[in-house]
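Enquirer: show me the folded form of this:
(chains A and B)
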Amino acid sequence: MNQKFNIPVNDTLPSLEAVLDLQGVPSDAEIRDPVINAVKGALQLYLELATPIAITSGIRLEQFDSIFHGIGLNESPNPIEKIYPKATRLTLFAATVGPAVSARISRLFAEGEFPLAGHLDSAASNGADQIAGILEKMYKNYLIRLGLANAETVVMAYSPGYCGWHISAQKALFEFLHPENIGISLRDSFLMEPLKSITGVLIAGPRSIHKFEATYAFCARCKAQSCRDRMDPPDKK
Amino acid sequence: MELIDKISESLQKGEQEETARYTGEAIEQAVPVRQILDDGLIAGMTVVGQKFKNHDIFLPDVLMAAKAMYAGMDLLKPLMIKEDIPSRGKVVLGTVRGDLHDIGKNLVAIMLKGAGYEIIDLGNDVPAEKFVDTAMAEKAPIVGLSALLTTTMPVMKQVVDLIRKRGLTDTISVIIGGAPVSDKYAREIGADMYSFDGVNAVECVEKLMRKG
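Expert: You can find the predicted model right below:
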């Protein structure tokens, strides 16, 4: 059964530091006032334009197996194929910060408003990532209420295009989940519109199932490396 | 301080209004357009590029400088057209099919325009054929490809292979870039160069244009 969630935009608002971090600015760098003002302007614009929304649907292991393998283009081996069979629960998700943000980013770049465009782009990327974090928490709380998880359960999101999961899996994911019901469409190239959208699977289980050594061939090319933060227990962060 | 130096300095600080004002004054004083462009705007952007390369400044500063540069360029553009001042060369840019992360590509476009090149920006999710067809139609000697997902990198090889198949290897050079891309990958697929950021992209284009 699909569930839709409107997510309060304030809950997805990035911090100024998060925007700068996404742009490669070291945390100890001295930031000029004009830059701070530009980022604040972008964050205000994000608040005005973003309309975060998500859709989820529980899925059985054998159903997800089919979606995950898609048309057979995944890297092999990959960590996700070892993780999801050990899950206690799986749910597909799709979310977006909405079309207005992406449209404004494109317009600002075209108009030469590069600082605002760049900062809004970073803010929207971070906002979309934050939605994934919110969904992880919501799903865990939901499972706990149903008696299907406890405080030790870890829920993590994994998305096509990362960790060896080929982006072509989006097709089967869309056929199951129908993110078009929240305004997300899929191009022939498997890109989503609006641009600042995310899809994937929420995998619930003991922390141990999510741990893997980031030594796969594609790990060397990955600059995100978000797996490292996600695999550390919260008290070690 | 000389007016040309003021243009460069204000651009480096990301001062859009001052850059436009000094550029306007230089035009009024009949400073040659080429000099305003090369010694004012492009020179300023070159300093910005070097500082970014040395990690003395960061992306937000580059974006402000770029906005200031465009403010000056907007005033010069009609005069450049009137005087038939050519660009330094054409570059076709885009993010490959299946990939949408284009802020890096946008930064490359900004830096290349700042260096005096004409950019034909195809946007994101661009198929291999479109890169090559556009380069041929525009007589652009360089194609720049961007990708952020490891799963979309193979499209870069499709572009290189298509150029080879059409016998255009001597006419069109390929530069690739993006987070998962590397110099090793460039060599693997037969691309001409790998660029690791917007500043380096300018250096790569300059090298290839000189070779041309």
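Enquirer: nearest spatial neighbour of residue 132, skipping sequence neighbours?
Expert: You didn't say which chain, so I picked chain A. A:A157 (4.4 Å; Cβ to Cβ, 6 or more residues apart in numbering or on different chains). Using the backbone N, CA and C atoms, a C-beta is placed for each residue, glycine as well.
Enquirer: meant chain B actually
Expert: B:L162 (5.0 Å).
Enquirer: now the helix or strand containing that neighbour: average pLDDT?
Expert: Element membership of B:L162, judged by DSSP states H and E, is helix B:154-165. Average pLDDT, helix B:154-165: 96.
Enquirer: with stretch A:175-188 instead?
Expert: For stretch A:175-188, mean pLDDT rounds to 95.
Enquirer: tell me which helix or strand B:V143 sits in.
Expert: Counting by DSSP H and E, B:V143 is part of strand B:142-146.
Enquirer: related to what we said a few turns ago, per-residue confidence for the residue nearest to A:A132?
Expert: Listed pLDDT for A:A157 reads 95.
Enquirer: list the buried residues in stretch A:58-71.
Expert: For stretch A:58-71, the neighbour count (16 or more other Cβ atoms under 10 Å in any protein chain shown) marks A:G58, A:I59, A:F64, A:I67, A:F68, A:G70 as buried.
Enquirer: touching the host helix or strand of B:V205 from outside, list them.
Expert: B:V205 is part of helix B:198-211, with elements assigned from DSSP H and E. Residues outside helix B:198-211 that contact it (Cβ atoms under 8 Å, 6 or more residues apart in numbering or on different chains): B:49-50, B:52-53, B:62, B:88-89, B:91, B:104, B:107-108, B:110-112, B:114-115, B:117, B:141-142, B:144, B:173, B:175, B:177, B:192-195.
Enquirer: how far off centre is the helix or strand just after the helix holding B:L162?
Expert: Using DSSP H and E, the helix or strand that follows helix B:154-165 in sequence is strand B:173-177. Remark: strand B:173-177 is offset 12 Å from the chain centroid, using Cα atoms, centre = their mean, to the nearest Å.
Enquirer: neighbouring strands for the biggest strand by length in chain A, and are they parallel or not?
Expert: Ranked by residue count and defined by DSSP state E, the top strand of chain A is strand A:197-206. Sheet partners assigned to strand A:197-206 using DSSP bridges are listed as strand A:89-96 (antiparallel), strand A:153-158 (antiparallel).
Enquirer: centre of the chain to it, how far?
Expert: With Cα atoms, centre = their mean, you get 9 Å for strand A:197-206.
Enquirer: okay, buried residues for the helix holding B:V205 please.
Expert: Residues B:G198, B:V199, B:N200, B:A201, B:V202, B:E203, B:C204, B:V205, B:L208, B:M209 are the ones in helix B:198-211 that count as buried (16+ other Cβ under 10 Å).
Enquirer: distance between it and the chain's centre?
Expert: Relative to its chain's centre, helix B:198-211 lies at 9 Å (Cα atoms, centre = their mean).
Enquirer: what ranges do the strands span in chain B?
Expert: B:90-95, B:118-121, B:142-146, B:173-177, B:193-194.
Enquirer: in terms of secondary structure, what does the second one contact?
Expert: Helices and strands touching strand B:118-121, by 3 or more Cβ pairs under 8 Å, 6 or more residues apart in numbering or on different chains; DSSP states H and E, are strand B:90-95, helix B:103-114.
Enquirer: now do the fourth one
Expert: Counting contacts by 3+ Cβ pairs under 8 Å, 6+ apart, the secondary-structure elements packed against strand B:173-177 are helix B:103-114, strand B:142-146, helix B:154-165, helix B:183-189, strand B:193-194, helix B:198-211.
Enquirer: how about A:T56, what does it touch?
Expert: Contacts of A:T56 by Cβ under 8 Å, 6+ apart are A:N2, A:Q3, A:F5, A:T91, A:L92, A:F93, A:L135, A:Y139, A:L202.
Enquirer: ok, now with 6 Å
Expert: By Cβ atoms under 6 Å, 6 or more residues apart in numbering or on different chains, the contact set of A:T56 is A:Q3, A:T91, A:F93.
Enquirer: ok, residues contacting the helix or strand A:D65 falls within?
Expert: Element membership for A:D65 (DSSP H and E) is helix A:61-69. Residues from elsewhere that reach helix A:61-69 (Cβ under 6 Å, 6+ apart): A:L90, A:A172, A:L173.
Enquirer: mind running it again at 8 Å?
Expert: A:59, A:74, A:80-81, A:84-85, A:87, A:90, A:92, A:165, A:169, A:172-173, A:176, A:201.
Enquirer: tell me where chain A has strands.
Expert: Along chain A, the stretches classed as strands by DSSP E are A:2-6, A:53-58, A:89-96, A:153-158, A:185-186, A:192-193, A:197-206.
Enquirer: in the last one, what counts as buried?
Expert: Buried residues in strand A:197-206, counted by 16+ other Cβ under 10 Å: A:S197, A:I198, A:T199, A:G200, A:V201, A:L202, A:I203, A:A204, A:G205.
Enquirer: low-scoring stretches of chain A, by residue?
Expert: Applying pLDDT under 70 to chain A flags the ranges A:1, A:221-237.
Enquirer: how distant is whichever helix in it runs longest from the center of its chain?
Expert: Counting by DSSP state H, the longest helix found in chain A is helix A:114-145. In this view, helix A:114-145 has its centroid 6 Å away from the chain centroid, taken as Cα atoms, centre = their mean.
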